[in-house]
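Visitor: sequence first, predicted model second:
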Amino acid sequence: MMINSDDQGEDEYYARYWPLYRMIEKNDWLGVEDFVTNDPDALTAKTFAPGSKTIFHAIVESLVDVESDDATCLLDKLASKVDQQTLARLDEHGHTALYQCAGKGNLRALKVLVKYNPDLTTIRSKGDHLPVHNAAYKGHKDTFRYLLEVTHGVDIYSGNDGARVLSYLIDANLYDVALDLLKLHPTIGRDSIDSRGIVLNKLAQKPYAFASGSIPVEKKLVPSNQTKDNQNVDGDMENLIVTSKIHSKTSTPPSMKAIHEQKLAHMQTVEIVRIICKEVIWTCHRRELKGALFTAARLGIHEFVNEFIMAYNKTANVLNEDRRSIFDVAVLHRREKVFNLIHRVNFTTNLFLTEGNSGNNILHLAAKLVPSSEVAGAALQMQRELQWFKAVEKLIHPDMLGDENSSNQTAREVFTEEHKELVKEGEKWMKETASSCSVVAALIITVVFAAAFTVPGGSDSRGIPNILHEPSFMIFAISDILALFSSISSVLMFLGILTSRYAEDDFLLSLPRKLIIGLVTLFFSIASMMVAFGATVHISLSHKWNLVIIPIALVGCVPVTLFVLLQFPLLLDMYSSTYGRSIIIDSSWRELASCDLVAKGSYKTRL
């Protein structure tokens with residue numbers, strides 16, 4: 001086998017400088033200095049170690065502690081002994097040592113390299129990225145700000161370079177820095193449609209950066225001066241303000257601090273979208289921006305979509321490659337808040353048209369099954385699917401209800417076919433839940449019914465209780481009666497569930513309402529039964545232990561508390577889904593939309 005001479009040369013270099021490479025890995029800076037003193041060629045070796053073309057790449061790669069004085073001093077000494085071309089040498093990935101340093105956020109080492117070769121800041125990687133891009137992507141604020149100041153000869157505030165800076169800051173969740181740059185340099189990310197598209201597409205892929213993609217927080221927990229702080233930006237890049245960092249120095253508790261920073265980030269991302277969308281001339285619907293718009297609609301970022309609508313009042317007429325509008329996408333992916341922005345558009349011409357060759361209108365899209373992890377249980381999911389279908393059904397003109405798609409199916413037929421398995425799963429879940437709860441309710445009926453004829457304290461010859469006028473007995477009697485009637489009501493509700501016909505529309509209101517009533521009455525019967533039991537024990541033992549009521553009350557709360565912990569989440573979900581806010585906020589939209597019928601499925605409205 002013939003051995004390549006270049007490979008043989010590299011092996012000789014590796015064998016010669018391998019001890020030095022190991023010293024650098026172990027941060028043995030004294031050993032490194034001695035080695036270089038004895039072998040000065042190590043400073044200019046073309047192939048120093050695998051993946052590290054020069055000793056400077058190796059030192060920067062090994063720097064973990066950014067405050068290492070020994071490493072920084074050694075780097076300064078070594079850099080002063082070589083020419084600028086050596087410092088500008090690229091490794092096998094096409095990176096200079098300074099580019100690597102920017103990615104690690106080692107500001108002190110980076111300043112050393114810039115001091116001996118200022119042009120390093122303008123040398124691009126194989127991916128056409130500058131060191132300032134790497135610092136932004138890795139989220140190193142101080143390093144990024146320094147590179148902004150020392151990068152000369154390249155206009156990093158315009159074209160793709162400016163758009164990359166903003167998109168990488170967004171990648172690193174540095175929304176405050178990105179917003180400050182937008183205000184200080186109005187052209188950055190905005191000097192062309194392509195630049196705007198890069199930034200908007202990046203934001204559209206980060207739903208958690210917006211309030212709609214995160215856990216809601218109370219507004220009262222957020223300081224009222226956050227907007228003012230967010231808008232005060234000094235014009236000098238040296239004083240580029242990181243707002244969240246300023247607030248972190250206050251005495252705000254950690255939980256409130258996190259909530260404040262989260263809310264501040266939400267405001268900043270919306271402001272970035274607003275600035276990027278500002279003054280766009282929307283000719284031919286700007287295909288460069290459509291991708292970001294429809295991504296945001298698909299992910300449910302209603303703040304993002306709202307900014308588009310505010311910038312261009314015909315956003316509803318913009319169609320994607322599938323000939324769907326943003327509201328079609330919102331229905332197809334069950335994005336309620338995006339769908340409710342329909343009240344803010346002026347033109348809804350394309351909302352009710354069929355899509356492409358499929359013949360589906362927006363009601364056909366609402367009829368499709370969309371599995372969701374946000375809704376627990378098959379019955380609740382079936383209810384939510386029905387709510388979506390009914391909401392869109394109220395929105396469109398009645399003449400469209402019977403429209404057929406290319407498969408000769410109406411929207412209702414599509415809904416039935418798509419949801420037949422979900423109906424079966426919902427029926428099974430409802431019956432199992434009702435059966436389990438009805439067993440408990442029947443047991444309670446048996447106990448409290450028998451207790452009514454075996455009253456504590458006994459009865460006289462006429463059947464009148466001996467302690468009829470005792471307060472404890474009256475508590476027992478009332479709670480026993482309430483437990484009996486509520487448990488009977490509960491059994492009847494669960495029986496109604498078991499004997500239901502389980503039609504599709506039953507899941508919308510009938511079945512959930514029966515389950516809610518059944519669970520509430522079951523809980524009330526358990527609580528009443530425990531009160532009756534406590535009153536009975538108190539009557540029997542109060543003559544011996546007067547304080548017996550305290551442990552009885554504590555023990556009696558245990559089963560009631562367990563029931564609440566186990567069943568209350570289900571009850572809450574069912575109640576909020578049945579009686580909570582509807583999908584369509586403004587029920588008057590249909591009247592507004594149908595006030596001027598232009599053609600079948602096409603409307604012109606005046607809002």
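Guide: Received, thanks.

Visitor: wait, what's in contact with the residue lying closest to residue 528 once chain neighbours are set aside?
Guide: Taking CB to CB, 6 or more residues apart in numbering, and ignoring the residues beside it in sequence, residue 528 has residue 483 as its nearest neighbour in space, at 3.6 Å. Bear in mind the C-beta positions are built from the backbone N, C-alpha and C, glycine included. Contact criterion CB atoms under 8 Å, 6 or more residues apart in numbering gives 444, 448, 525, 526, 528, 529, 532 as the residues in contact with residue 483.

Visitor: which pLDDT value goes with residue 483?
Guide: According to the predicted model, the pLDDT of residue 483 comes to 92.

Visitor: just the contacts of residue 483: which are in strands?
Guide: Residues from the contacts of residue 483 lying in strands, with DSSP state E as the criterion: none.

Visitor: what is the nearest of those to residue 310?
Guide: Nearest to residue 310 among these, counting by CB to CB, is residue 526 at 52.8 Å.

Visitor: check contacts around the closest one.
Guide: Going by CB under 8 Å, 6+ apart, residue 526 touches 440, 444, 483, 559, 560, 563.

Visitor: my reading is that the last one lies in a strand. Confirm?
Guide: So that's residue 563. No: assignment of residue 563 by DSSP: H, G, I helix; E, B strand; the rest coil gives helix, placing it outside any strand.

Visitor: coming back round to it: can you flag the buried ones in the contacts of residue 483?
Guide: Among the contacts of residue 483, those classed as buried by 16 or more other CB atoms under 10 Å are 444, 448, 525, 526, 528, 529, 532.

Visitor: surely the last one and residue 479 touch.
Guide: Which is residue 532. Yes: in this structure, residue 532 is within contact of residue 479 by CB atoms under 8 Å, at 4.1 Å.

Visitor: do you have the strands of this protein handy? List them.
Guide: Remark: strands of the chain, listed N- to C-terminal, are 597-599, 602-603; assignment by DSSP E.

Visitor: OK, contacts around residue 146?
Guide: Residue 146 makes contact with 107, 110, 111, according to CB under 8 Å, 6+ apart.

Visitor: residue 71 now?
Guide: By CB under 8 Å, 6+ apart, residue 71 lies in contact with 27, 29, 59, 62, 63, 65, 109.

Visitor: now residue 298
Guide: Shown here is residue 298, whose contacts under the criterion CB under 8 Å, 6+ apart are 329, 333, 335.

Visitor: hmm, 7 Å instead?
Guide: Applying CB atoms under 7 Å, 6 or more residues apart in numbering, one finds that residue 298 lies in contact with 329, 333.

Visitor: and the pLDDT for it?
Guide: The predicted local confidence for residue 298 comes out at a pLDDT of 92.

Visitor: now swap in residue 283 and tell me
Guide: What the model reports as pLDDT for residue 283 is 57.

Visitor: what's the answer for residue 599, then?
Guide: What the model reports for residue 599 is a pLDDT of 32.

Visitor: kindly report the same for residue 551.
Guide: 72.

Visitor: can you point me to the longest helix in the chain?
Guide: In terms of residue count, the longest helix belonging to the chain (DSSP state H) is helix 411-451.

Visitor: that helix - contacts with which helices or strands?
Guide: Judged by 3 or more CB pairs under 7 Å, 6 or more residues apart in numbering; DSSP states H and E, helix 411-451 is in contact with helix 362-367, helix 378-395, helix 471-498, helix 510-541.

Visitor: residue ranges with poor pLDDT in the stretch 401-550 of the chain?
Guide: 455-469, 541-550 (pLDDT under 70).

Visitor: again, 90 this time
Guide: Screening the stretch 401-550 of the chain residue by residue with the criterion pLDDT under 90, one finds the ranges 401-409, 447-478, 480, 526-550.

Visitor: quick one: work out the angle between the longest helix of the chain and helix 510-541.
Guide: 10 degrees (axes from the mean of the first three to the mean of the last three CA atoms, to 10 degrees).

Visitor: relative to helix 471-498, how tilted is helix 411-451?
Guide: Between the axes of helix 411-451 and helix 471-498, defined by the same axes, to 10 degrees, the angle is 150 degrees.

Visitor: now helix 411-451, how far from the chain's geometric center?
Guide: A distance of 33 Å separates the centroid of the chain from that of helix 411-451, by CA atoms, centre = their mean, to the nearest Å.

Visitor: tabulate the contacts of residue 146 in TSV, adding columns for neighbour count, pLDDT and distance to residue 275.
Guide: Output for the contacts of residue 146, formatted as TSV (neighbours: other CB atoms under 10 Å; pLDDT from 0 to 100; distance: CB to CB, whole Å):
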residue	neighbour count	pLDDT	distance to residue 275
107	21	89	29
110	29	92	30
111	15	92	32
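
Visitor: from the residues you listed, which ones fall inside helices?
Guide: Using DSSP H, the members of the contacts of residue 146 that fall in helices are 107, 110, 111.

Visitor: check contacts around the closest residue to the second one other than its chain neighbours.
Guide: In this case it means residue 110. Nearest residue to residue 110, sequence neighbours excluded (CB to CB, 6+ apart): residue 101, at 4.5 Å. Residues near residue 101 by CB under 7 Å, 6+ apart: 60, 109, 110, 113.

Visitor: thinking again about what came up before, nearest to residue 380, out of the contacts of residue 146: which one, please.
Guide: The nearest one, if we look at the contacts of residue 146 relative to residue 380 and count by CB to CB, is residue 107, at 52.9 Å.

Visitor: which residue packs closest to residue 279, ignoring adjacent ones?
Guide: Distance criterion CB to CB, 6+ apart; nearest residue to residue 279, sequence neighbours excluded, is residue 190 at 8.0 Å.

Visitor: cool, and residue 504?
Guide: Per CB to CB, 6+ apart, closest to residue 504 is residue 423, 6.2 Å.

Visitor: burial measure for that neighbour, as a count.
Guide: Under the neighbour criterion other CB atoms under 10 Å, residue 423 is assigned a count of 19.

Visitor: how about residue 569?
Guide: A count of nearby residues for residue 569, using other CB under 10 Å, gives 11.

Visitor: try residue 403
Guide: Here the neighbour count serves as a burial measure; for residue 403 (other CB under 10 Å) it reads 19.

Visitor: what's the spacing between the nearest residue in space to it that is not next to it in sequence and residue 411?
Guide: The spatially closest residue to residue 403, leaving aside those adjacent along the chain, is residue 361, at 5.9 Å (CB to CB, 6+ apart). Computed with CB to CB, to the nearest Å, the distance linking residue 361 and residue 411 is 7 Å.

Visitor: which parts of the stretch 151-300 of the chain are helices?
Guide: Secondary structure of the stretch 151-300 of the chain (DSSP state H, counting those that start in this stretch): helices at 159-171, 175-184, 193-204, 226-231, 243-248, 254-277, 287-299.

Visitor: elements contacting the third one?
Guide: With contacts defined as 3+ CB pairs under 7 Å, 6+ apart, the secondary structure elements packing on helix 193-204 are helix 159-171, helix 254-277, helix 287-299.

Visitor: those: which one's closest to residue 179?
Guide: The stretch from the helices and strands packed on helix 193-204 with the least distance to residue 179 (CB to CB) is helix 254-277; that distance is 4.8 Å.

Visitor: packing partners of that closest one?
Guide: Using 3+ CB pairs under 7 Å, 6+ apart as the contact criterion, the secondary-structure elements in contact with helix 254-277 are helix 175-184, helix 193-204, helix 226-231, helix 243-248, helix 302-311.
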